[in-house]
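Student: Give me the fold of what follows.
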Amino acid sequence: MLVMVLMIAFLAVAKSFNKQFTLSKIPGPERGDLVLSEDSLPPELAGWKRTQFQPAEVPSDLPDGQFWWVHAWGYSDGQVACTLSLDQADWTAWHDLTVCYQAVGWKLEDRRVLDIPYPQGGTWHAVTADFSEPSGRRAFLVFSLFGDDGTPMDSPWQGLYPEPVDDSFAKRMGDRLSKRPADSSPVQKKVNHTRVLQSQVFLAYSGTLTAERREQLIQVHLEARPRFQDAWNKHWAKWQATAR
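Tutor: As a prediction, the model looks like this:
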């Protein structure tokens, strides 16, 4: 059940995506996807404890036309639980995850770009989004993307859309975030890749979400995404070597 909301969200826009991508192989190891285990993420992230793990589905069990492959973990602070996932598909450029959630009935209330310092230079954007639905439930989403070469993806909304770039979170977190070296230059980032990977944290809740819990969820995401990136980099290097 961990990935059910993610599956429904992706499924709602699958037809439009299938018009854009021509799949040569179904999701899974044959396509070059990274296989993860429960211990691919630590027992605790930003004070939230791991409570569940759901591996990606067996490729042969996937519905026809499904191009995404999701590994998901549940993390809890003892009161509420969020879903954290690495999403692998045939995306080759920026993927607007908020569209998937809007397609299943969530109303987008706010979307912001967090300007997070990247250790190798420049920044690695994380996007936050707040949603609501008629029942009164609300949701909070944090997501980032990186290319198959490990390069962080920049949100195209910066300078193009009204959503603000917000560096206040990085300033508040101070030394707890990795700072780029003072003498480093920004990383030159590609817009398109052979593959693009997506990391996300999603929490559906009732009532209000405190600023403290919001920042904890962002930090959970920021601690998870470089682990995914590192695991992918090691995997992709081996995959390319064997595919030649």
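
Student: Could you find the closest non-adjacent residue to the residue nearest to the spatial centre of the chain?
Tutor: Among the residues of the chain, the one closest to the centroid is Ser199, at 1.9 Å (CA atoms, centre = their mean). Excluding its sequence neighbours, the residue lying closest to Ser199 (CB to CB, 6 or more residues apart in numbering) is Arg225, at 4.4 Å. All C-beta atoms are positioned from the backbone trio N, CA, C, and that covers glycine.

Student: just checking, the one you found is part of a helix?
Tutor: Yes - according to DSSP: H, G, I helix; E, B strand; the rest coil, Arg225 belongs to a helix.

Student: That one: what's it in contact with?
Tutor: The neighbourhood of Arg225, defined by CB atoms under 8 Å, 6 or more residues apart in numbering, consists of Trp124, Ala126, Ser144, Phe146, Ser199.

Student: And for Trp106?
Tutor: Counted by CB under 8 Å, 6+ apart, Trp106 has contacts Phe131, Ser132, Glu133, Ala139.

Student: just checking, the residue nearest to the centre of the chain is part of a strand?
Tutor: Yes - judged by three-state DSSP, Ser199 forms part of a strand.

Student: for stretch 76-89, what is the average pLDDT?
Tutor: Across stretch 76-89, the average pLDDT comes to 96.

Student: ends of it, how far apart?
Tutor: 27 Å (CA to CA, to the nearest Å).

Student: same deal with stretch 97-110?
Tutor: So stretch 97-110: terminal residues 13 Å apart, CA to CA.

Student: buried sites along it?
Tutor: By 16 or more other CB atoms under 10 Å, the buried positions in stretch 97-110 come out as Leu97, Thr98, Cys100, Tyr101, Gln102, Ala103, Trp106.

Student: chain center to that stretch: distance?
Tutor: The chain centre lies 15 Å from the centre of stretch 97-110; the measure is CA atoms, centre = their mean, to the nearest Å.

Student: if you average pLDDT over that stretch, what comes out?
Tutor: The predicted model assigns stretch 97-110 a mean pLDDT of 94.

Student: re the thing from before, redo the contacts of Arg225 as JSON lines? Include secondary structure, distance to Val35 and pLDDT.
Tutor: Compiled in JSON lines, the contacts of Arg225 are given as follows (DSSP: H, G, I helix; E, B strand; the rest coil; distance: CB to CB, whole Å; pLDDT from 0 to 100):
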{"residue": "Trp124", "secondary structure": "strand", "distance to Val35": "24", "pLDDT": "92"}
{"residue": "Ala126", "secondary structure": "strand", "distance to Val35": "25", "pLDDT": "94"}
{"residue": "Ser144", "secondary structure": "strand", "distance to Val35": "21", "pLDDT": "97"}
{"residue": "Phe146", "secondary structure": "strand", "distance to Val35": "18", "pLDDT": "96"}
{"residue": "Ser199", "secondary structure": "strand", "distance to Val35": "16", "pLDDT": "98"}
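
Student: Now do the buried residues in the helix or strand in which Gln229 is found.
Tutor: Assigned by DSSP states H and E, Gln229 belongs to helix 211-243. For helix 211-243, the neighbour count (16+ other CB under 10 Å) marks 213-214, 216-229, 231-232, 236, 239 as buried.

Student: so where do the helices sit in this structure?
Tutor: 4-12, 14-18, 97-103, 168-173, 211-243 (DSSP state H).

Student: Now the weakest link among those, please, by mean pLDDT.
Tutor: Looking over these, mean pLDDT reaches its minimum on helix 14-18, with a mean of 41.
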